[in-house]
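In: Curious how this folds, go ahead:
(4 chains)
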2 protein chains.
Amino acid sequence: MAFTDRSLPAREAILRAARDRFSADGYDRATVRAIAADAGIDPSMVMRYFGSKRQLFALAVDFDLRFPDLAAAPRDQVGRILATHLLNRWEDDAGLKILLRTAATDDDAADRMRRIFHDQLTPMVAALTDDPDSAPVRAGLVSSQALGVALTRYVLRLPPVVDLSRAELIDWVAPTLQHYLVGQP
Amino acid sequence: MAFTDRSLPAREAILRAARDRFSADGYDRATVRAIAADAGIDPSMVMRYFGSKRQLFALAVDFDLRFPDLAAAPRDQVGRILATHLLNRWEDDAGLKILLRTAATDDDAADRMRRIFHDQLTPMVAALTDDPDSAPVRAGLVSSQALGVALTRYVLRLPPVVDLSRAELIDWVAPTLQHYLVGQP
DNA sequence: CCCTGATGACAACAGCCGTTGGCATACCAT
DNA sequence: ATGGTATGCCAACGGCTGTTGTCATCAGGG
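Out: As a prediction, this is how the structure comes out:
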């Protein structure tokens, strides 16, 4: 059975509600019934259009980090550029928050997170350094600080990290990323 | 009704199993039934001895960061000392992993995490700097890196961060913490 | 126009969940 | 020895979960 244009609004409403619920409550507590209610649609429709809760989740977190080409940037600015980019990316793509919330308890989501940072971040770092062997480690350290900021600012909402303006946060974090990207331990 | 020494092994077995399950599965997926089964005890005993799942969780994550007195340490070593201490603390106290896993989706746990880092980290930072106004922000930034490492190393298990030896990880992270603690943006 | 097939609402399923009550059994103080 | 009490197991409860089946309704192509 194929789906027609007529059901497109419904499918979009479900996906939108799913992103909101998954983002706010995490995978387990975001119930199919609640998502359907938010979308104004019967729970059985969710199953018909998306197969299962897990497949719906997979679609809801499908996203891309869309890194800029840091190799072309001034060497002493890469930390700041990356910090700015990550902050932007994190704020306008709900998928990242959903995945971060869920990855803490769901192994599928954790694997997805591992893959994203490995596939997208490591190559970018490798293109930046003249010591390719160190690229995975550098990418891992960048991930630790990037995810740490995301966790404390968007998920745990630690007040001092939340209260920091975007500019202030970038001023603090940029040197750290710069150090991890091209510095020496 | 009070509890006697006779039930102490049972209560301890439950608490141990609870810590393991909460740590491995997070709050929601760690069921009372599974915890009881691990402890070789009937689920109803869990309720009798701990009141509810939530109270059991509260006991399982009760812990202390036990910060050293950084004010007495050489100023240029505080980053390294703190990095070493946090890594030690994180590895021998299951409570931290449990709380981190759960705080991503449970607001009670998130609040607990906020309180811990506010009550224990901020005063320590304040005693370290001569600009007390900046203490909360510095503590927040330290939290972001500390929790970022914990998240990627112990929860998400990003391979490059896991593979790093303790010494290597400290060499990389210490300058970051040093910067957040006593440096300027 | 009619008929095939997509749509959507309703109800129900089986399976878990946290939690509760009842009832033997084993202990300990008197 | 005996009464009171803590212990532990069993069975069950109400509620919520993801998921499935049924059956009207409605759109669009022949």
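
In: wait, residue A:10 sits on residue A:44?
Out: No: judged on C-beta atoms under 8 Å, residue A:10 makes no contact with residue A:44 at a distance of 11.9 Å. Bear in mind the C-beta positions are built from the backbone N, C-alpha and C, glycine included.

In: what about the two, which has more around it?
Out: For residue A:10 versus residue A:44, neighbours defined as other C-beta atoms under 10 Å in any protein chain shown are more numerous around residue A:10 (18 against 10).

In: so how far is chain B from the more buried one?
Out: 28 Å (C-beta to the nearest C-beta, to the nearest Å).

In: Could you report the separation of that residue from residue A:122?
Out: Noted for residue A:10: a distance of 39 Å to residue A:122, by C-beta to C-beta, to the nearest Å.

In: for chain A, what spans make up the helices?
Out: If DSSP state H is used as the criterion, the helices of chain A fall at A:8-29, A:32-39, A:43-50, A:53-60, A:78-92, A:94-103, A:107-116, A:122-126, A:135-150, A:159-163, A:166-182.

In: Around DNA strand C, pick out the residues from chain A.
Out: A:1-4, A:6-7, A:9-10, A:41-45, A:48 (C-beta under 7 Å from any atom of the strand).

In: Give me the buried entries from those residues.
Out: For these, a burial check counting by 16 or more other C-beta atoms under 10 Å in any protein chain shown picks out A:10, A:41, A:45.

In: Grab the nearest non-local neighbour of residue A:10.
Out: residue A:41 (5.6 Å; C-beta to C-beta, 6 or more residues apart in numbering or on different chains).

In: Surely the one you found is in contact with residue A:13?
Out: Yes: contact criterion C-beta under 8 Å: residue A:41 and residue A:13 qualify, at 6.4 Å.

In: any residues in contact with both of the two?
Out: Counting by C-beta atoms under 8 Å, 6 or more residues apart in numbering or on different chains, no residue touches both residue A:41 and residue A:13.

In: Tell me which residue in chain A sits closest to DNA strand C.
Out: Closest residue of chain A to DNA strand C, C-beta to the nearest atom of the strand: residue A:7 (2.8 Å).

In: okay, that residue: pLDDT?
Out: Looking at residue A:7, its pLDDT is 90.

In: pretty sure it contacts residue A:49?
Out: Yes: the criterion here is C-beta under 8 Å, and residue A:7 meets it with residue A:49 at 7.0 Å.

In: tell me, what's touching those two both at once?
Out: Common neighbours of residue A:7 and residue A:49 (C-beta under 8 Å, 6+ apart) do not exist.

In: Spatially central residue for chain A, please.
Out: residue A:96 (2.1 Å; C-alpha atoms, centre = their mean).

In: gap between it and DNA strand D?
Out: Between residue A:96 and DNA strand D the computed distance is 22 Å (C-beta to the nearest atom of the strand, to the nearest Å).

In: Out of the buried ones among the residues of chain A next to DNA strand C, the closest to DNA strand D would be?
Out: residue A:45 (8.5 Å).

In: got the contact list for the nearest residue to that closest one once chain neighbours are set aside?
Out: Distances taken as C-beta to C-beta, 6+ apart put residue A:10 closest to residue A:45, at 6.4 Å, once the chain neighbours are dropped. By C-beta under 8 Å, 6+ apart, the contact list for residue A:10 reads A:39, A:41, A:45, A:49.

In: Kindly state the pLDDT recorded for residue A:10?
Out: So residue A:10 comes in at 96 (pLDDT).

In: And for residue A:148, the neighbour number?
Out: Neighbour number of residue A:148 under other C-beta under 10 Å is 25.
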